[in-house]
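Peer 1: Sequence first, predicted model second:
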Amino acid sequence: MLQQTQAARVVGPFERWVTAFPDAPSCAASGPAAALRSWEGLGYNRRALSLHRAAVMVTESHGGEVPSDRDALEGLPGVGPYTARAVMVFAFEADIGVVDVNVARVLSRAVAGRRLGAKEAQVLADRLVPAGRSWSYNQTLFDIGALHCRATNPDCGSCPLRTRCAWALSGWAMPDPAARSITQSRFAGSDRQGRGRIVDALRRGTLEARDLGSASGWDDDPDRAHHVAQGLVADGLAAWGPGGVLRLP
Ligand code: SF4
(Lines give C-alpha, C1' and ligand atoms only; values in the text may rest on other atoms or scores of the structure.)
Protein backbone atom coordinates (compact mmCIF):
# COMPACT_ATOMS: atom_id res chain seq x y z
CA MET A 1 0.00 0.00 0.00
CA LEU A 2 2.89 2.34 0.71
CA GLN A 3 4.51 1.92 -2.70
CA GLN A 4 4.36 5.37 -4.30
CA THR A 5 1.68 6.42 -1.81
CA GLN A 6 2.09 8.70 1.20
CA ALA A 7 1.64 7.07 4.61
CA ALA A 8 -1.14 9.48 5.63
CA ARG A 9 -3.26 8.31 2.69
CA VAL A 10 -2.69 4.67 3.57
CA VAL A 11 -3.84 4.67 7.21
CA GLY A 12 -7.61 4.51 6.54
CA PRO A 13 -7.50 1.92 3.73
CA PHE A 14 -4.98 -0.16 5.69
CA GLU A 15 -7.28 -0.35 8.70
CA ARG A 16 -10.23 -1.15 6.45
CA TRP A 17 -8.20 -3.87 4.74
CA VAL A 18 -6.94 -5.65 7.87
CA THR A 19 -10.43 -5.54 9.34
CA ALA A 20 -11.88 -7.16 6.22
CA PHE A 21 -8.95 -9.56 5.75
CA PRO A 22 -7.20 -10.27 9.06
CA ASP A 23 -5.02 -12.95 7.44
CA ALA A 24 -4.01 -14.32 4.07
CA PRO A 25 -6.60 -17.14 3.95
CA SER A 26 -9.50 -14.72 4.55
CA CYS A 27 -8.24 -12.49 1.74
CA ALA A 28 -7.72 -15.45 -0.57
CA ALA A 29 -11.25 -16.71 0.10
CA SER A 30 -12.87 -13.34 -0.55
CA GLY A 31 -12.13 -13.10 -4.28
CA PRO A 32 -10.48 -10.35 -6.33
CA ALA A 33 -13.57 -8.09 -6.52
CA ALA A 34 -13.71 -7.79 -2.71
CA ALA A 35 -10.00 -6.96 -2.66
CA LEU A 36 -10.46 -4.26 -5.28
CA ARG A 37 -13.37 -2.74 -3.33
CA SER A 38 -11.34 -2.66 -0.12
CA TRP A 39 -8.54 -0.92 -2.03
CA GLU A 40 -10.69 2.13 -2.79
CA GLY A 41 -8.86 5.43 -2.41
CA LEU A 42 -5.34 4.07 -2.95
CA GLY A 43 -4.98 4.04 -6.74
CA TYR A 44 -2.61 1.74 -8.62
CA ASN A 45 -5.33 -0.91 -8.49
CA ARG A 46 -3.08 -3.61 -9.86
CA ARG A 47 -1.48 -3.75 -6.42
CA ALA A 48 -4.80 -4.89 -4.92
CA LEU A 49 -5.00 -7.68 -7.44
CA SER A 50 -1.39 -8.69 -6.77
CA LEU A 51 -2.01 -8.66 -3.02
CA HIS A 52 -5.02 -10.90 -3.47
CA ARG A 53 -3.05 -13.28 -5.70
CA ALA A 54 -0.22 -13.28 -3.16
CA ALA A 55 -2.74 -14.15 -0.43
CA VAL A 56 -3.92 -17.09 -2.54
CA MET A 57 -0.34 -18.31 -3.01
CA VAL A 58 0.50 -17.83 0.68
CA THR A 59 -2.60 -19.84 1.56
CA GLU A 60 -2.07 -22.61 -0.96
CA SER A 61 1.73 -22.95 -0.92
CA HIS A 62 2.90 -21.63 2.47
CA GLY A 63 0.26 -22.90 4.90
CA GLY A 64 -1.30 -19.44 5.29
CA GLU A 65 1.87 -17.89 6.74
CA VAL A 66 3.93 -15.24 4.94
CA PRO A 67 7.32 -16.82 4.17
CA SER A 68 10.50 -15.28 5.58
CA ASP A 69 13.09 -16.11 2.91
CA ARG A 70 13.81 -13.87 -0.04
CA ASP A 71 13.23 -16.35 -2.86
CA ALA A 72 9.83 -17.37 -1.53
CA LEU A 73 8.83 -13.74 -0.96
CA GLU A 74 9.94 -12.66 -4.43
CA GLY A 75 7.94 -15.56 -5.84
CA LEU A 76 4.73 -13.91 -4.61
CA PRO A 77 2.80 -11.76 -7.10
CA GLY A 78 3.63 -8.06 -6.79
CA VAL A 79 6.61 -8.62 -4.49
CA GLY A 80 9.92 -7.37 -5.84
CA PRO A 81 13.32 -7.08 -4.17
CA TYR A 82 12.39 -3.94 -2.19
CA THR A 83 9.16 -5.29 -0.74
CA ALA A 84 10.79 -8.65 0.01
CA ARG A 85 13.54 -6.88 1.94
CA ALA A 86 11.04 -4.69 3.81
CA VAL A 87 9.06 -7.75 4.91
CA MET A 88 12.24 -9.59 5.91
CA VAL A 89 13.34 -6.65 8.08
CA PHE A 90 10.09 -5.40 9.62
CA ALA A 91 8.41 -8.78 10.06
CA PHE A 92 11.39 -11.08 10.60
CA GLU A 93 14.25 -8.72 11.61
CA ALA A 94 16.72 -10.02 9.04
CA ASP A 95 20.06 -8.20 9.16
CA ILE A 96 19.79 -6.46 5.80
CA GLY A 97 19.09 -2.92 4.59
CA VAL A 98 15.92 -1.61 2.95
CA VAL A 99 16.71 1.15 0.48
CA ASP A 100 14.02 3.42 -0.87
CA VAL A 101 14.56 6.83 -2.44
CA ASN A 102 14.69 8.55 0.98
CA VAL A 103 17.24 6.13 2.41
CA ALA A 104 19.40 6.36 -0.72
CA ARG A 105 19.41 10.14 -0.27
CA VAL A 106 20.53 9.90 3.37
CA LEU A 107 23.28 7.41 2.51
CA SER A 108 24.50 9.56 -0.39
CA ARG A 109 24.68 12.71 1.70
CA ALA A 110 25.62 11.45 5.15
CA VAL A 111 27.87 8.47 4.42
CA ALA A 112 29.23 8.52 0.87
CA GLY A 113 29.28 12.27 0.28
CA ARG A 114 28.52 11.58 -3.36
CA ARG A 115 25.64 10.33 -5.40
CA LEU A 116 25.18 6.56 -5.06
CA GLY A 117 23.76 4.26 -7.69
CA ALA A 118 20.99 1.91 -6.60
CA LYS A 119 23.29 -1.11 -6.24
CA GLU A 120 25.94 0.87 -4.37
CA ALA A 121 23.33 2.21 -1.94
CA GLN A 122 22.03 -1.30 -1.29
CA VAL A 123 25.51 -2.71 -0.66
CA LEU A 124 26.29 0.16 1.72
CA ALA A 125 22.97 -0.17 3.55
CA ASP A 126 23.56 -3.90 4.05
CA ARG A 127 27.10 -3.30 5.28
CA LEU A 128 26.03 -0.73 7.89
CA VAL A 129 23.34 -2.85 9.59
CA PRO A 130 24.26 -3.41 13.25
CA ALA A 131 23.82 -7.12 13.96
CA GLY A 132 20.46 -7.86 15.58
CA ARG A 133 19.19 -4.29 15.22
CA SER A 134 18.01 -4.13 11.63
CA TRP A 135 14.47 -3.08 12.54
CA SER A 136 15.49 0.08 14.38
CA TYR A 137 18.39 0.80 11.97
CA ASN A 138 16.14 0.75 8.92
CA GLN A 139 13.31 2.61 10.63
CA THR A 140 15.76 5.29 11.75
CA LEU A 141 17.03 5.79 8.19
CA PHE A 142 13.45 6.05 6.93
CA ASP A 143 12.63 8.63 9.60
CA ILE A 144 15.74 10.70 9.00
CA GLY A 145 15.00 10.69 5.27
CA ALA A 146 11.40 11.75 5.80
CA LEU A 147 11.80 14.22 8.67
CA HIS A 148 15.26 15.76 8.32
CA CYS A 149 17.10 14.84 5.14
CA ARG A 150 14.37 15.95 2.78
CA ALA A 151 15.05 16.20 -0.95
CA THR A 152 14.78 19.98 -0.79
CA ASN A 153 15.51 22.12 2.27
CA PRO A 154 17.04 19.41 4.47
CA ASP A 155 16.71 20.28 8.16
CA CYS A 156 20.33 19.68 9.11
CA GLY A 157 20.07 21.69 12.34
CA SER A 158 17.79 19.12 13.96
CA CYS A 159 19.29 16.04 12.29
CA PRO A 160 20.86 13.44 14.60
CA LEU A 161 23.55 12.79 11.96
CA ARG A 162 24.56 16.45 11.80
CA THR A 163 27.97 16.03 13.49
CA ARG A 164 29.04 13.06 11.37
CA CYS A 165 27.31 13.72 8.04
CA ALA A 166 29.82 13.82 5.18
CA TRP A 167 27.93 16.50 3.28
CA ALA A 168 27.41 18.71 6.35
CA LEU A 169 31.08 18.34 7.30
CA SER A 170 32.03 19.47 3.80
CA GLY A 171 30.12 22.68 4.42
CA TRP A 172 27.35 21.49 2.08
CA ALA A 173 29.66 21.62 -0.91
CA MET A 174 27.75 21.76 -4.15
CA PRO A 175 26.45 19.83 -5.96
CA ASP A 176 24.13 18.15 -3.48
CA PRO A 177 25.30 14.48 -3.39
CA ALA A 178 21.69 13.38 -3.64
CA ALA A 179 20.74 15.73 -6.48
CA ARG A 180 18.90 13.98 -9.23
CA SER A 181 16.68 14.90 -12.08
CA ILE A 182 13.14 13.92 -11.35
CA THR A 183 10.87 13.29 -14.26
CA GLN A 184 7.39 12.30 -13.36
CA SER A 185 4.78 11.49 -15.94
CA ARG A 186 1.68 13.66 -15.80
CA PHE A 187 -1.32 11.96 -14.17
CA ALA A 188 -4.04 14.35 -15.33
CA GLY A 189 -5.38 13.21 -18.68
CA SER A 190 -3.34 10.00 -18.65
CA ASP A 191 -4.61 6.50 -19.35
CA ARG A 192 -3.85 5.74 -15.71
CA GLN A 193 -6.37 8.37 -14.63
CA GLY A 194 -9.03 6.89 -16.92
CA ARG A 195 -8.28 3.37 -15.70
CA GLY A 196 -8.66 4.51 -12.09
CA ARG A 197 -12.00 6.18 -12.83
CA ILE A 198 -13.39 3.07 -14.50
CA VAL A 199 -12.31 0.82 -11.61
CA ASP A 200 -13.87 3.32 -9.17
CA ALA A 201 -17.14 3.10 -11.12
CA LEU A 202 -16.96 -0.71 -11.14
CA ARG A 203 -16.67 -0.70 -7.35
CA ARG A 204 -20.19 0.71 -7.32
CA GLY A 205 -21.64 -1.55 -10.03
CA THR A 206 -21.33 -2.78 -13.59
CA LEU A 207 -20.84 -0.60 -16.66
CA GLU A 208 -22.39 -0.96 -20.07
CA ALA A 209 -20.12 -0.33 -23.05
CA ARG A 210 -21.90 2.93 -23.81
CA ASP A 211 -21.14 4.22 -20.27
CA LEU A 212 -17.38 3.76 -20.52
CA GLY A 213 -16.81 7.24 -21.96
CA SER A 214 -18.50 9.07 -19.10
CA ALA A 215 -17.05 6.70 -16.48
CA SER A 216 -13.49 7.33 -17.70
CA GLY A 217 -13.98 11.07 -18.14
CA TRP A 218 -13.58 10.81 -21.93
CA ASP A 219 -17.12 11.40 -23.18
CA ASP A 220 -15.65 12.72 -26.38
CA ASP A 221 -13.39 9.73 -26.98
CA PRO A 222 -15.29 6.44 -26.53
CA ASP A 223 -12.63 4.54 -28.51
CA ARG A 224 -9.97 5.50 -25.98
CA ALA A 225 -12.30 4.55 -23.11
CA HIS A 226 -12.94 1.15 -24.72
CA HIS A 227 -9.23 0.62 -25.32
CA VAL A 228 -8.46 1.39 -21.67
CA ALA A 229 -11.26 -0.94 -20.55
CA GLN A 230 -9.71 -3.70 -22.66
CA GLY A 231 -6.42 -3.03 -20.90
CA LEU A 232 -8.11 -3.45 -17.52
CA VAL A 233 -9.53 -6.79 -18.68
CA ALA A 234 -6.13 -7.89 -19.99
CA ASP A 235 -4.60 -7.03 -16.61
CA GLY A 236 -7.28 -8.95 -14.71
CA LEU A 237 -8.73 -5.83 -13.09
CA ALA A 238 -12.08 -6.14 -14.87
CA ALA A 239 -14.03 -8.70 -16.85
CA TRP A 240 -16.66 -8.64 -19.54
CA GLY A 241 -19.91 -10.16 -18.35
CA PRO A 242 -22.96 -11.38 -20.27
CA GLY A 243 -24.33 -8.80 -22.68
CA GLY A 244 -21.02 -6.94 -22.95
CA VAL A 245 -21.28 -5.50 -19.45
CA LEU A 246 -18.01 -4.64 -17.70
CA ARG A 247 -17.65 -5.71 -14.05
CA LEU A 248 -15.00 -6.37 -11.42
CA PRO A 249 -13.31 -9.76 -11.94
S1 SF4 B 1 22.95 16.56 8.38
FE2 SF4 B 1 21.62 17.33 6.76
S3 SF4 B 1 22.40 16.41 4.87
FE4 SF4 B 1 23.28 15.28 6.58
S5 SF4 B 1 21.89 13.53 6.87
FE6 SF4 B 1 21.22 15.16 8.26
S7 SF4 B 1 19.65 16.29 7.12
FE8 SF4 B 1 20.81 15.05 5.63
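Peer 2: Thanks, I have it.

Peer 1: So which bits of the strand or helix carrying residue 168 are buried?
Peer 2: Under the criterion of DSSP states H and E, residue 168 resides in helix 166-169. Judged by neighbour count (16 or more other CB atoms under 10 Å), helix 166-169 contains these buried residues: 166, 167, 168. Backbone N, C-alpha and C define where each C-beta goes, glycine included.

Peer 1: For the first one, give me its contacts.
Peer 2: It refers to residue 166. Each residue near residue 166 by CB atoms under 8 Å, 6 or more residues apart in numbering is listed here: 109, 110, 111, 112, 113, 177.

Peer 1: ok, how many other residues are close to residue 92?
Peer 2: 14 (other CB atoms under 10 Å).

Peer 1: returning to what we had before: just the buried residues of the contacts of residue 166.
Peer 2: The neighbour count (16+ other CB under 10 Å) marks 109, 110, 111, 112, 113, 177 as buried among these.

Peer 1: and the gap between the closest residue to the fifth one other than its chain neighbours and the ligand?
Peer 2: Pointing back at residue 113 there. In space, not counting the residues next to it along the chain, residue 113 is nearest to residue 166; the distance is 3.4 Å by CB to CB, 6 or more residues apart in numbering. The gap separating residue 166 from the ligand is 8 Å, by CB to the nearest ligand atom, to the nearest Å.

Peer 1: can you check residue 244 too?
Peer 2: Spatial separation of residue 244 from the ligand under the definition CB to the nearest ligand atom is 56 Å.

Peer 1: shouldn't that residue be in contact with residue 210?
Peer 2: No. Checked against CB atoms under 8 Å, the pair residue 244 and residue 210 is beyond contact range at 9.5 Å.

Peer 1: hmm, back to that, confidence score at the residue nearest to residue 113?
Peer 2: At residue 166, the pLDDT value in this model is 97.

Peer 1: Buried residues in the helix ranked longest in the chain, which are they?
Peer 2: In the chain, ranked by residue count with DSSP state H as the criterion, the top helix is helix 46-61. Residues of helix 46-61 classed as buried by neighbour count (16+ other CB under 10 Å): 46-59.

Peer 1: same for that helix, what does it pack against?
Peer 2: Packed against helix 46-61 by the contact rule (3 or more CB pairs under 8 Å, 6 or more residues apart in numbering; DSSP states H and E) you find helix 24-30, helix 32-38.

Peer 1: Same list, the buried ones among the contacts of residue 166, but as TSV with secondary structure and pLDDT please.
Peer 2: Formatted as TSV, the entries for those read as follows, by DSSP: H, G, I helix; E, B strand; the rest coil; pLDDT from 0 to 100:
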residue	secondary structure	pLDDT
109	helix	97
110	helix	97
111	helix	97
112	helix	96
113	coil	95
177	coil	94
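
Peer 1: and the ligand, which of those residues reach it?
Peer 2: Applying CB under 6 Å from any ligand atom to the buried ones among the contacts of residue 166, one finds that 109, 110 fall near the ligand.

Peer 1: Looking at the buried ones among the contacts of residue 166, which one is closest to residue 102?
Peer 2: Within the set of these, residue 109 lies nearest residue 102; the separation is 11.1 Å, counting by CB to CB.

Peer 1: residues in contact with the closest one?
Peer 2: Shown in contact with residue 109 (CB under 8 Å, 6+ apart): 149, 154, 165, 166, 167, 168, 176, 177, 178.
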